[in-house]
Every structure is written in C-alpha cells, then in structure tokens.
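Enquirer: here are the coordinates; sequence isn't available:
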C-alpha cells in the first residue's frame, strides 16, 4: 500500500499493458457488495516504523508479473 488510491480501470490498463495485452478492459455494471473505493491506510506503519513506499505501482506490477512467469503453479 502507498496511501494513494488507484482507480480499478487504471490498474487494469496497467496490468494489461505490462502483460502485453493490447485491448481495452471490459466494464460491467457495479454489483451489490462491490467495493467502490479502497485505499491502504499506511499511517501507523509510517508513524511507528517510518515506512515510506519505495516502489512505484507499475514497477511493482512488472516485478510481480516476472515472479509469476518464473514460478508457474
């Protein structure tokens, strides 16, 4: 978490771009119970441990994709 929100559409586009998929995400109508917004509250980790995010979202997604490609289930 970084304390900053990332819209799901932006996240989906980033994952698709990093994964080499050249298409637009398909959007559906919201369903009951869907979470509209979710932002990690890192204030305690920052205050107690001095946590500061060091990895940009796109870089973290790339590293995660590489790990999953190197460690197939």
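Expert: Ah, there it is. Just so it is clear, the model here is predicted, and its values are computed rather than measured. Numbering: from 1, shown residues only.

Enquirer: from now on I want contacts and neighbour counts done on CA atoms only, so please keep to that.
Expert: Noted.

Enquirer: please enumerate the helices of this protein.
Expert: 8-18, 43-49, 57-70 (DSSP state H).

Enquirer: just the mean pLDDT for the longest one, thanks.
Expert: Mean pLDDT, computed over helix 57-70, is 93.

Enquirer: what residues does it touch?
Expert: 14, 15, 18, 19 (Cα atoms under 8 Å, 6 or more residues apart in numbering).

Enquirer: what residue is smack in the middle of this protein?
Expert: For the chain, the residue sitting closest to the mean C-alpha position, by Cα atoms, centre = their mean, is residue 11 at 5.6 Å.

Enquirer: if I look at that one, how far off is residue 45?
Expert: Distance, residue 11 to residue 45, by Cα to Cα, to the nearest Å: 24 Å.

Enquirer: again with residue 27
Expert: Taking Cα to Cα, one finds residue 27 at 34 Å from residue 45.

Enquirer: residue 13 now?
Expert: Distance from residue 13 to residue 45, by Cα to Cα: 29 Å.

Enquirer: do you know how far the residue lying farthest from the centre of the chain is from residue 40?
Expert: Relative to the C-alpha centroid of the chain, counting by Cα atoms, centre = their mean, residue 48 is the outermost residue, at 24.2 Å. For residue 48, the distance to residue 40 (Cα to Cα) stands at 16 Å.

Enquirer: what's around residue 69, how many residues?
Expert: 10 (other Cα atoms under 10 Å).

Enquirer: any idea how far it lies from residue 14?
Expert: For residue 69 relative to residue 14 (Cα to Cα), the value is 17 Å.

Enquirer: can you check residue 1 too?
Expert: Residue 1 is 17 Å from residue 14, by Cα to Cα.

Enquirer: neighbour-wise, which of these two wins?
Expert: Between residue 1 and residue 14, residue 14 has the larger neighbour count (other Cα under 10 Å), namely 17 against 12.

Enquirer: tell me the spatial nearest neighbour of that one, not counting adjacent residues.
Expert: Excluding the flanking residues, the one nearest residue 14 by Cα to Cα, 6 or more residues apart in numbering is residue 58, at 6.8 Å.

Enquirer: which helix or strand in the chain has the lowest average pLDDT?
Expert: helix 8-18 (a mean of 90; mean pLDDT, DSSP states H and E).

Enquirer: cool, thanks, signing off.
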